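>>> Okay, sequence plus prediction incoming.
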Amino acid sequence: MSSLKPSQAGTLESNDIVITVGLGSKGEGIVIEMQSTVFAQYGEQIRKVIEDTVKGQGIADIYIKAVDRGALDCTVRARTLTALSRAGVEIKEGQVWS
């Protein structure tokens, strides 16, 4: 993924999330920096949804910053896929909702 360009999707409105993606260092894996108003309750679930979505697209090394305002899993997944698409990733259709 050396051609990945920085991009983002989402808003800071209530029940949404801003996902920003950037090129990760080779061999570091999926690095997720996260802020959330509901981190204590749902932080690990949000992280899992982001990570599973990225892995489902076959991406191994990427930096992701997530700023959450209480988004549902479907919104987290959609924002992650949109940010990846804007970054130049060709989204695999069969992996969108797995």
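That came in fine, so what should we check first?
>>> How are the helices of this structure distributed by residue range?
Under the criterion DSSP state H, the chain contains helices at 39-56, 73-86.
>>> With S3 as the reference, name the closest of those.
Closest to S3 of these is helix 73-86 (C-beta to C-beta; 12.6 Å). (C-beta placed from N, C-alpha, C; glycine too.)
>>> for E33, what are its contacts?
Contacts for E33 (C-beta atoms under 8 Å, 6 or more residues apart in numbering) come out as Y63, I64, K65, A66.
>>> quick one: which of these has the most company?
A66 (25 neighbours; other C-beta atoms under 10 Å).
>>> can you pull the contacts of that residue?
A66 is in contact with I17, V18, I19, T20, I32, E33, M34, Q35, S36, I46, I50, V76, counting by C-beta under 8 Å, 6+ apart.
>>> same thing with E28?
D61.
>>> Backbone dihedrals for it, please?
Main-chain torsions, E28, degrees, to the nearest 10: phi -80, psi -20.
>>> coming back round to it: pick the most deeply packed of the helices of the chain.
Of all the helices of the chain, helix 73-86 carries the top mean neighbour count, a mean of 20, counting by mean count of other C-beta atoms under 10 Å.
>>> how big is the angle separating that helix from helix 39-56?
40 degrees (axes from the mean of the first three to the mean of the last three C-alpha atoms, to 10 degrees).
>>> Just the pLDDT at the residue most central in space within the chain, thanks.
By C-alpha atoms, centre = their mean, the chain has its centre lying nearest to T80, at 3.6 Å. Looking at T80, its pLDDT is 98.
>>> In this structure it contacts I50, no?
Yes. T80 is in contact with I50 according to C-beta atoms under 8 Å; the separation is 5.4 Å.
>>> which residues are in contact with both of those two?
Taking C-beta under 8 Å, 6+ apart as the criterion, T80 and I50 both touch I19, I64.
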